[in-house]
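Peer 1: structure, please.
(one chain, ligands or ions: 1)
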Amino acid sequence: MELPFAESYRIKMVEPLRRSHRSEREQWIKEARYNLFNLRSEQVFVDLLTDSGTGAMSDRQWSEMMLGDESYAGSSSYYKLKETIRELTGFEFFLPTHQGRAAENVLFSTMVKSDDIVPGNSHFDTTKGHIEFRKATAVDCTINEAFDTTLDHPFKGNIDLEKLEKVFKSYPATQIPMVIITITCNTSGGQPVSMDNIRQVSAMAKRYGVKVVFDSARFAENAYYIKKREKGYADKSIREIVREMFSYGDAMTMSSKKDAIVNMGGFIGFRDEDLFREASTYNIMFEGFVTYGGMSGRDMNALAQGLLEGTEFDYLETRINQVAYLGGLLRNAGIPVQYPFGGHAIFVDAKRFLPAVPKEQFVAQTLAVEIYLEGGVRGVEIGAILADRDPMTRENRYPELEMVRLAIPRRTYTNNHMEYVAASIINVWERRHEIKTGYQIVREAPILRHFTVELDRA
Ligand SMILES: *Cc1c(COP(=O)(O)O)cnc(C)c1O
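Peer 2: Residues are numbered from 1 along each chain as shown. Presented below is the predicted three-dimensional model:
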């Protein structure tokens, strides 16, 4: 018999979970104004809100915490992290930040000014927020295939070179501070970008005199897909692939809460010393001195170790297989999920799940609430609420895709949890025809409204 797949780790410490009743959940979600971000974690049984900062650290990472050096300047933890980043990514210069959006804030303070144009593959919400906050414009150049959730394409995160070139031709290079390649592309469903696409985008950007910045939260998962799916990479190690990917960029921003398997942290990597120096001033203002930037020494140690573990093939295979396991359970039940499955999450196509709910009543949010009510499973809306209003017209933006994202924390849940999640969603699927109305907004913030929005039944 062929030996089955099994996790590449065992469990040393556990955290109890409590199941709740539907009547309790009805009360809690009402009190939370139908915003899943407002729930208390103990009101959730399986929490798939995000894979950000929710992973389980290893015994080695916890050991590294004890070795943290808390010196204000020049700590050994800083140098350990710097060396690890240099070896993995090839970026000589780096700045620690407290998380990914802080890295964006610091880097964009240096590079992005008002009226700038920032092309890329579906920018992440905080990335877009930091661009628009500076009165610049993010232009989505993702390939059209990404918007068809059923089309089988190995690299749906790819940038459309024609769309990109059109941007390069329409604006002077002085108005395009960078092209952002998000690996994997979170907003289009955790979809990877091929090495070939990275190479071509980088070459085109160079021709037009534009810098390439990687938004790298899930760079290791991207490398895994390149190894699995792209010709010529099957025999390369994850770390060789990572090195090659980053060799095509000028800088990177990182949310360490994702592929680096820590609960908090981020950084910026730079090739150019001048850019690094310029950004250092903003880092000191916003984050902290250049050798800690919002992180404690122990956290930098755990991050350095997490970067090494996060780029191990066996770990990545365990991780991505678990996500695909959940995806397979849903797909086999006939539920419309994005395919191929993304690296960190399964995306349920809410428009096809709940066709009777009008888009003005927030289809994906409606589905996310139903899934919570059914089983205490918390996913998140990736749809019209997240898409926010147009910064100029202030009209609601209705994106092509309305999804519920089920993000799987790293090394946290078992496949039994995945079966529980699938059963909860299948139950909603079976009564989908009864769900015809959604929600209306009662209160919202002017930017990044999804975190705090308050809703009521429409
Ligand atoms: C999470 C994420 C960010 C922002 O990072 P935070 O650590 O949450 O601030 C930026 N880009 C991408 C692609 C992300 O997934």
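Peer 1: thought Ile159 was touching Val139?
Peer 2: No. Contact criterion C-beta atoms under 8 Å: Ile159 and Val139 do not qualify, at 10.7 Å. Quick note: C-beta positions are derived from backbone N, CA and C, even for glycine.
Peer 1: joint contacts of the two?
Peer 2: Pro119, Gly120 (C-beta atoms under 8 Å, 6 or more residues apart in numbering).
Peer 1: these two: who's more crowded?
Peer 2: Between Ile159 and Val139, Ile159 has the larger neighbour count (other C-beta atoms under 10 Å), namely 26 against 18.
Peer 1: dihedrals phi and psi, the more buried one?
Peer 2: Note on Ile159: backbone dihedrals following degrees, to the nearest 10 are phi -90, psi 140.
Peer 1: residues in contact with it?
Peer 2: Counted by C-beta under 8 Å, 6+ apart, Ile159 has contacts Pro119, Gly120, Asn121, Cys141, Thr142, Ile143, Val179, Ile181, Val193, Asn197, Val201.
Peer 1: can you redo these as CSV with secondary structure and neighbour count?
Peer 2: What follows is those, written out as CSV (DSSP: H, G, I helix; E, B strand; the rest coil; neighbours: other C-beta atoms under 10 Å):
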residue, secondary structure, neighbour count
Pro119, strand, 26
Gly120, strand, 29
Asn121, coil, 31
Cys141, coil, 22
Thr142, strand, 23
Ile143, coil, 21
Val179, strand, 27
Ile181, strand, 28
Val193, coil, 27
Asn197, helix, 21
Val201, helix, 26
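Peer 1: and the residues you listed, which is closest to Asn222?
Peer 2: Of all the contacts of Ile159, Asn222 sits closest to Val193, with 6.2 Å by C-beta to C-beta.
Peer 1: for that closest one, list the residues it contacts.
Peer 2: Asn121, Phe155, Gly157, Asn158, Ile159, Ile181, Thr182, Ile183, Thr184, Cys185, Asn222.
Peer 1: now the closest residue to it other than its chain neighbours: how far from Glu92?
Peer 2: Using C-beta to C-beta, 6 or more residues apart in numbering and skipping residues adjacent in sequence, the residue nearest Val193 is Gly157, 4.2 Å away. Between Gly157 and Glu92 the distance is 27 Å, computed by C-beta to C-beta, to the nearest Å.
Peer 1: burial of Glu434, as a residue count?
Peer 2: There are 9 residues near Glu434, going by other C-beta under 10 Å.
Peer 1: local confidence estimate at it?
Peer 2: pLDDT recorded at Glu434 is 97.
Peer 1: so what's Phe108 up against?
Peer 2: Per C-beta under 8 Å, 6+ apart, neighbours of Phe108: His130, Ile131, Arg134.
Peer 1: Throw these into JSON lines and include neighbour count, thanks.
Peer 2: Output for these, formatted as JSON lines (neighbours: other C-beta atoms under 10 Å):
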{"residue": "His130", "neighbour count": "26"}
{"residue": "Ile131", "neighbour count": "25"}
{"residue": "Arg134", "neighbour count": "19"}
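Peer 1: and which of those residues is nearest the ligand?
Peer 2: For the contacts of Phe108, the minimum distance to the ligand (C-beta to the nearest ligand atom) is 9.2 Å, reached by His130.
Peer 1: what helix or strand is that closest one on?
Peer 2: helix 125-133 (DSSP states H and E).
Peer 1: packing partners for that helix?
Peer 2: Helix 125-133 makes packing contacts with helix 100-111, strand 137-140 when contacts are defined by 3 or more C-beta pairs under 8 Å, 6 or more residues apart in numbering; DSSP states H and E.
Peer 1: can you tell me which of the ones you listed is packed in deepest?
Peer 2: Mean neighbour count (mean count of other C-beta atoms under 10 Å) peaks for helix 100-111 among the helices and strands packed on helix 125-133, with a mean of 24.
Peer 1: how about that helix and the ligand, touching?
Peer 2: Yes. With C-beta under 6 Å from any ligand atom as the measure, helix 100-111 is seen reaching the ligand through Gly100, Arg101.
Peer 1: report the angle between that helix and helix 125-133.
Peer 2: 30 degrees (axes from the mean of the first three to the mean of the last three C-alpha atoms, to 10 degrees).
Peer 1: export helix 100-111 as PDB, just CAs?
Peer 2: Coordinates of each C-alpha in helix 100-111 appear next as PDB, following Å, rounded to 0.1, in the frame of the first residue of the first chain:
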ATOM      1  CA  GLY A 100       3.300  44.400   6.900                       C
ATOM      2  CA  ARG A 101       1.200  47.600   6.600                       C
ATOM      3  CA  ALA A 102       3.900  49.400   8.600                       C
ATOM      4  CA  ALA A 103       6.400  48.300   6.000                       C
ATOM      5  CA  GLU A 104       4.200  49.700   3.300                       C
ATOM      6  CA  ASN A 105       3.800  52.900   5.300                       C
ATOM      7  CA  VAL A 106       7.500  53.400   5.600                       C
ATOM      8  CA  LEU A 107       8.400  52.400   2.000                       C
ATOM      9  CA  PHE A 108       5.600  54.400   0.400                       C
ATOM     10  CA  SER A 109       6.400  57.400   2.500                       C
ATOM     11  CA  THR A 110       9.700  57.300   0.700                       C
ATOM     12  CA  MET A 111       8.500  56.400  -2.800                       C
END
